[in-house]
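J.: got a sequence here, can you build the structure:
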Amino acid sequence: MFTLTAVPVKFIGLLLLFTFTTAYELLQTGRARKAIPRTSHGLHLAMSVIMLLMVPKSWWVPFRTVVPVPISIALMALGVLWFAWLAVRAEAGQRSHAVGCALMFSAMVWHLVAMMVKMHNMKAMQMAPMSSSQHTMNHGAPPMNHGAMATGSGSTLWWLAVIGIPLMAWLLWASWRGAAMAVTEPGHRLAGLNAFAMNFGMFWMSTGLLVPILPFFKYLAF
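T.: Numbers count the residues shown, from 1 in each chain. So this is what the prediction gives:
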């Protein structure tokens, strides 16, 4: 979740990227005449819509109230299984696309899980001053550093950041491949731009989740 005043470049950039992917996948889903491509584009459309709604806080908060985050996670996990199945049944030369989609959906599952844990930690930290004040009154001891406990080495968010490193590396690689396709294959320019927008958008949106182990990533929010 982002705001225009806090991170204007990231806010506008992500809105543009995910608006494009949503429009592209909506068009491709409508054009598909067979069940498998329609399902594949439909899953990508669902991912694009969720990512678009995650950008402004004013959109995401009401959306997650109506559609709880675990439901979005389950839908994205279904996407992982769907593309893994397509990869297994595909011929060797056509398997890479399905594998890439499965990895992208895995990255989305990771992002949603990490974001849910982060939100839970933020709520706990908001409650911490009251608990710490009561603890000091009762025991005379200084309050605990809840922020360090929430993000420090060995914490849940720290381990989720570790898990996210290979997924983020894949998103960056897939972004480059999409951009290269858009430049070198005029017949697949829109598909390449869509691949770039979806993968890079997810990478850019997720940089904050790696801050527990890569603190300099916080500077990518501006």
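J.: from now on I want contacts and neighbour counts done on CA atoms only, so please keep to that.
T.: Noted.
J.: quick one: contacts for Arg177?
T.: Gly192, Phe196 (C-alpha atoms under 8 Å, 6 or more residues apart in numbering).
J.: from here on, count from 74
T.: Sounds good: first residue 74 from here, last item Arg250.
J.: distance of it relative to Val256?
T.: 10 Å (C-alpha to C-alpha, to the nearest Å).
J.: all helices of the chain, in order?
T.: Here the chain has its helices, by DSSP state H, at 81-104, 108-127, 130-139, 142-162, 168-212, 219-224, 229-257, 262-279.
J.: hey, least reliable of those by pLDDT?
T.: In terms of mean pLDDT, the lowest-scoring of those is helix 219-224 (a mean of 48).
J.: what's the most buried one of the helices of the chain?
T.: helix 262-279 (a mean of 23; mean count of other C-alpha atoms under 10 Å).
J.: quick one: that one to chain centroid distance?
T.: 12 Å (C-alpha atoms, centre = their mean, to the nearest Å).
J.: and for stretch 162-169?
T.: Mean-position distance between stretch 162-169 and its chain equals 26 Å (C-alpha atoms, centre = their mean).
J.: can you tell me what sits against that stretch?
T.: Here stretch 162-169 makes contact (C-alpha under 8 Å, 6+ apart) with Leu159, Ala160, Val161.
J.: one more time with 10 Å
T.: The contact list for stretch 162-169, computed with C-alpha atoms under 10 Å, 6 or more residues apart in numbering, reads Phe156, Ala157, Leu159, Ala160, Val161, His170, Ala171, Ala175.
J.: can you tell me the closest non-neighbouring residue to the last one?
T.: Excluding its sequence neighbours, the residue lying closest to Ala175 (C-alpha to C-alpha, 6 or more residues apart in numbering) is Val153, at 4.6 Å.
J.: mind listing what that neighbour touches?
T.: By C-alpha under 10 Å, 6+ apart, the neighbours of Val153 are 116, 147, 159, 171-172, 174-182.
J.: Leu151 too?
T.: Applying C-alpha under 10 Å, 6+ apart, the residues contacting Leu151 are Leu116, Ser145, Ala157, Ala175, Phe178, Ser179, Val182.
J.: my guess is the fifth one meets Met124, correct?
T.: No. Under the contact definition of C-alpha atoms under 10 Å, Phe178 does not touch Met124, with a separation of 11.7 Å.
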